[in-house]
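**Q** The sequence and its predicted three-dimensional model are supplied below.
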Amino acid sequence: MIDPRAVALDLQNVCKSFGPVTVLRDVSLTFRRGETHAVLGENGAGKSTLIKIMTGIYQPTSGEVVIDGYPSVLRTPRSAQQRGIHLIPQDVVAVPELSVGRNILLGDEGIGVARNRLSRAERTRVDDALFRVGAGFDAETLASSLSVPEIRLMQIARALARPGSVLVLDEPTAALSASDSEALLDRIQALRSEGVAIVYVTHRLSEVERLADRVSVLRDGRLVSSVERGAFTIDQIVADMSRITTESARESLHELEAKTHKAKRSTGEGLRIQGLTAAGGFSDVTFDAPAGQIIGIAGVQGSGQSQLLAAIAGRSQSDEGTVRLGGKSLSPKARRRYRAGIVLVPADRRVGGVITKATLVDNLAQPTAGTGPLHRFGLRRRRKETRQAATLLGSLSTRYGSLQQPAGTLSGGNQQKVALARAVISSPKVILVDEPTQGIDVNAKAEVRALLSRLATEDGCSVVIATSEFEDLVDLADVIHVLTRGELVATLDSSTSYQEILRHALG
């Protein structure tokens, strides 16, 4: 009989280098059955590389991976799965044309199986996995009809449908609303009680407080702390994650947050939305975003806030209503709204936020191509582009090796900073930011909040933030509108609490 608290996975003195760059340095970590082990660190600390070594995507340069007491070489993700290690990635993805059952069994099919019909044995296997995650949908349901939280449950069920003892969860609640996150956390606690070793990677420290039996912190590729529940505090975790840890040199998260809110914001005529409606997205939305103010649009996932921002930017069509800037009605075309000064930073930074294959300099030069101080007579001024990129990315504490490296090689949080820098460099009058802090660490969150506050206070921008992470808006937004099922149901002032926003958002 296997000891429910036995070591399922042991990383011993693991190092990983890519050419001359060392990403992990002598990391040793133990993951036990029946334990939730949170792995934390700033963006670029080495968490993603560590996950890829655990799951067979990368092999360590040196060190050992020991599974159930036996040294193992995981050459592919399939070999890791065969040894019982399953990854639930941050991306919420599925094959929409296939049923839930076929998605769960994808890659394990025999010869001559029906595309969307399960055999009796397959149905039993899938139903058991769905029951364990508490899913309320059927194995025969098409994946295209599932919501984001339901796809996340299906991803976990896919892992549980295979024999295994280690479940690696990478930012599992990043794309979920507060209520859906709570439901998922309950399921994770149930899986832990079944004896599964859970590796939990997140930036949400409230989840760490609730779930973690042990917390390990990486910084610059090194393990700097690993402590059991009861021996860690949130302040200590933040200090361990910070690149500069001496109190005299390190500006704490709280100090940075306080500076964000000290300056008083003036107001002026800015963006006005009147009766904006898009079928299936949102209905009769009216609000003002004065120049020099931060306006929050709070809503759980699926409430329509992303569609609303896309419609304001002209990226998607609206059926009724007007968008006015400085008292003038704007054309519905995206290019004309951009030229008028409305810039959108989308939630999916890899699709619409940055050009992943372009260099950092090219990413920042592209929004002003042919115009502005970075160009003369339509020609690029490359030295000026490089200086401007270094200055702007430096002001955001962006971590990169070279300004000539592709943006897609940066960590998620640093890609988010590049996306914001691309918006800022065009000197917008209105900046629309969708899920600005999703999937980034606590220090990066503070830096992003400080930037958005500066855009309003110093540059006089109208800043509109749409988010399902309501803590992003508390003490930052001047006005918070709550969107529920596509309708504005409440307007709250800057002194509101997280609980009040949540109460209205959940309807």
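**A** That came through, no problem. Residues are numbered from 1 along each chain as shown.
**Q** CA only for contacts and neighbour counts going forward, please
**A** OK.
**Q** Low-confidence ranges, the stretch 151-300 of the chain, go.
**A** 175, 177-178, 242-268 (pLDDT under 70).
**Q** For Ser329, see how far away the residue nearest to Glu228 when sequence neighbours are not counted is.
**A** Counting by Cα to Cα, 6 or more residues apart in numbering, Glu228 lies nearest to Arg214, which is 4.2 Å off, once chain neighbours are set aside. Arg214 is 55 Å from Ser329, where distance means Cα to Cα, to the nearest Å.
**Q** What of Gly299?
**A** 27 Å.
**Q** which of those two has more neighbours?
**A** Per other Cα atoms under 10 Å, whichever of Gly299 and Ser329 has more neighbours is Gly299, with 30 against 13.
**Q** Tell me who's in contact with the more buried one.
**A** Contacts of Gly299 were listed using Cα atoms under 8 Å, 6 or more residues apart in numbering, and they are 305, 466-468, 482-484, 505.
**Q** Present those as CSV; the columns should include neighbour count and distance to Ala450.
**A** CSV is the format used below for the contacts of Gly299 (neighbours: other Cα atoms under 10 Å; distance: Cα to Cα, whole Å):
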residue, neighbour count, distance to Ala450
Gln305, 28, 22
Ala466, 29, 16
Thr467, 25, 16
Ser468, 25, 19
Val482, 28, 23
Leu483, 27, 25
Thr484, 22, 28
Ala505, 25, 25
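**Q** from those, which is closest to Ala159?
**A** For those, the residue nearest Ala159 by Cα to Cα is Ser468; the value is 26.8 Å.
**Q** from what I can see the closest one touches Gly296, true?
**A** No - applying Cα atoms under 8 Å as the test, Ser468 and Gly296 come out as separate, 10.4 Å apart.
**Q** Find the residues that touch each one of these two.
**A** Counting by Cα under 8 Å, 6+ apart, nothing touches both Ser468 and Gly296.
**Q** returning to that earlier point: so who does the residue nearest to Glu228 touch?
**A** Contacts of Arg214 by Cα under 8 Å, 6+ apart are 35-38, 226-229.
**Q** 10 Å instead?
**A** 31-32, 35-39, 199-200, 208, 226-232 (Cα atoms under 10 Å, 6 or more residues apart in numbering).
**Q** And for Arg387?
**A** 361, 403.
**Q** Could you give the secondary structure assignment for it?
**A** At Arg387 the chain is in helix, as set by DSSP: H, G, I helix; E, B strand; the rest coil.
**Q** Equivalent analysis for the one 3 residues further on, please.
**A** Here Ala390 is helix, with the state taken from three-state DSSP.
**Q** ok, for it, nearest residue in space, not its chain neighbours?
**A** Leu403 (7.4 Å).
**Q** likewise Asp288?
**A** Counting by Cα to Cα, 6+ apart, the residue nearest Asp288 is Arg272, at 4.5 Å.
**Q** Whichever strand or helix holds that neighbour packs against which elements?
**A** Per DSSP states H and E: Arg272 is located in strand 268-278. Applying 3 or more Cα pairs under 10 Å, 6 or more residues apart in numbering; DSSP states H and E, one finds that strand 268-278 contacts strand 282-291, helix 305-312, strand 320-325, strand 328-329, strand 462-467.
**Q** quick one: strands adjacent to the longest one?
**A** When pairs are called by DSSP bridges, strand 282-291 turns out to pair with strand 268-278 (antiparallel).
**Q** quick one: the helices in the stretch 301-450 of the chain?
**A** For the stretch 301-450 of the chain, applying DSSP state H, counting those that start in this stretch gives helices covering 305-312, 334-340, 360-365, 382-395, 412-424, 442-457.
**Q** Can you convert the ones you listed into CSV and add a column each for mean pLDDT and distance to Ser193?
**A** Shown next, in CSV, are the helices of the stretch 301-450 of the chain (pLDDT from 0 to 100; distance: least, Cα to Cα, whole Å):
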stretch, mean pLDDT, distance to Ser193
helix 305-312, 92, 37
helix 334-340, 90, 51
helix 360-365, 84, 46
helix 382-395, 82, 45
helix 412-424, 82, 32
helix 442-457, 83, 29
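**Q** I'd like to know which of those lies nearest to Ile156.
**A** Nearest to Ile156, of these and by Cα to Cα, is helix 412-424 at 22.3 Å.
**Q** Neighbours of Arg229, how many?
**A** 15.
**Q** which one is it nearest to, not counting chain neighbours?
**A** Asp213 (4.9 Å).
**Q** Backbone dihedrals for the one you found, both of them.
**A** phi -90, psi -30 (degrees, to the nearest 10).
**Q** can you check Arg187 too?
**A** Backbone phi and psi, for Arg187 under degrees, to the nearest 10, turn out to be phi -70, psi -40.
**Q** so it touches Arg132, yeah?
**A** Yes - the pair Arg187 and Arg132 qualifies as a contact (Cα atoms under 10 Å) at a distance of 8.0 Å.
**Q** which residues do these two both contact?
**A** 153, 156.
**Q** Helix, strand, or coil at Asp91?
**A** coil.
**Q** can you list the weak-confidence ranges in the stretch 401-507 of the chain?
**A** In the stretch 401-507 of the chain, residues with pLDDT under 70: 439, 506-507.
**Q** Mind doing that once more with 50?
**A** Judged by pLDDT under 50, the stretch 401-507 of the chain has no weakly predicted residues.
**Q** isn't the residue nearest to Ala390 right up against Arg383?
**A** No - here Leu403 does not reach Arg383: they are 11.9 Å apart, not a contact under Cα under 10 Å.
**Q** related to what we said a few turns ago, just the buried residues of the strand holding Arg272, please?
**A** The neighbour-count check on strand 268-278 (16 or more other Cα atoms under 10 Å) flags 270-274, 276-278 as buried.
**Q** Tell me who's in contact with the residue nearest to Arg229.
**A** 34-38, 198, 227-230.
**Q** Can you tell me who the nearest residue to Val482 once chain neighbours are set aside pairs with across the strands?
**A** Excluding the flanking residues, the one nearest Val482 by Cα to Cα, 6+ apart is Ala298, at 4.7 Å. Taking DSSP bridges as the rule, Ala298 bridges to Thr467, Val482.
**Q** Could you check how far Ala298 is from Val343?
**A** 19 Å.
**Q** Which one of the two is surrounded by more residues?
**A** Ala298 (31 against 28).
**Q** Correct me if wrong: the more buried one contacts Gly486.
**A** No - counting by Cα under 10 Å, Ala298 does not reach Gly486; the two are 11.1 Å apart.
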